[in-house]
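S.K.: Please work out how this folds:
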Amino acid sequence: MVFYFVSNVVSPPFKLFMGAEKHENEELIRWGWPEDVWFHVDKVSSAHGQTIEDVPYAVIEDAAQLVKANSINGNKMNNVDVVYTMWENLKKTPSMDVGQVSFHREKDVMKIRVEKRINEIVNRLNKTKTEEHPDFRLEREKRDAAERADQKKIMRERKEQEKVSQKQKMEEAELRSYASLMSSDKMTSNRDDGNDSDEFM
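M.R.: Numbers count the residues shown, from 1 in each chain. Presented below is the predicted three-dimensional model:
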């Protein structure tokens, strides 16, 4: 089961989602999308997420409050750090517990300090909460297939443009050269059809 929330502090609104527990979060970790931003209370269990630079600060604050509020330990604490990074930066090894991750590049991990739970933010987000049972693997496979089809289409169009461009270059080169003038079908003879006379008149 996955919970979806809408952060409407900006327009267009951002969709936030989190697993109901660590097994659902494991699916989010495994089948996330490259533009997903992943949030987690640093060093304690918690809930989870364009590029980070594209996410407005108000949405980051909403996500941090949501993560803190849904953390078993983080919800009881003040001054907790919430870390966030792009989904692609998540590192999962077979030896890790369910829901546990590390990072490929620590320098790409951002951090926001949440001093305390702000109930008005959490309550606003909870009013948008919906519950769904998505198949993350299927969604990711569909997305990847659509992306591959788009890439193939772009490559076909690029090849067609290259062919047209190459043909134009060849035609222009031919016009600039004398080769087109020297073709046999454009030549005429100065022979006088059997008249051996040297006279021009």
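S.K.: Now do the same for Asn78: its pLDDT.
M.R.: With respect to pLDDT, Asn78 scores 86.
S.K.: Could you tell me how many residues sit around Asp62?
M.R.: When neighbours are defined as other Cβ atoms under 10 Å, Asp62 has 26 of them. Glycine gets a C-beta too; all of them are placed from N, C-alpha and C.
S.K.: name the helices or strands packed onto whichever strand or helix holds it?
M.R.: Applying DSSP states H and E as the criterion places Asp62 in helix 57-69. Packed against helix 57-69, as judged by 3 or more Cβ pairs under 8 Å, 6 or more residues apart in numbering; DSSP states H and E, are the following elements: strand 2-7, strand 14-19, strand 37-41, strand 80-86, strand 110-114, helix 119-126.
S.K.: Looking at these, which one is packed in the most?
M.R.: Mean neighbour count (mean count of other Cβ atoms under 10 Å) peaks for strand 37-41 among the helices and strands packed on helix 57-69, with a mean of 24.
S.K.: sorry, back to before: report the buried residues of the helix holding Asp62.
M.R.: Neighbour counts over helix 57-69 (16 or more other Cβ atoms under 10 Å) mark Val59, Ile60, Glu61, Asp62, Ala63, Ala64, Gln65, Leu66, Val67, Lys68, Ala69 as buried.
S.K.: one step back: quick check: which of the helices and strands packed on helix 57-69 is nearest to Ala146?
M.R.: Closest approach to Ala146 among those (Cβ to Cβ): strand 14-19, 18.5 Å.
S.K.: Return the helix or strand in this structure with minimum mean pLDDT.
M.R.: In the chain, no helix or strand scores lower on mean pLDDT, DSSP states H and E than strand 37-41, which sits at a mean of 62.
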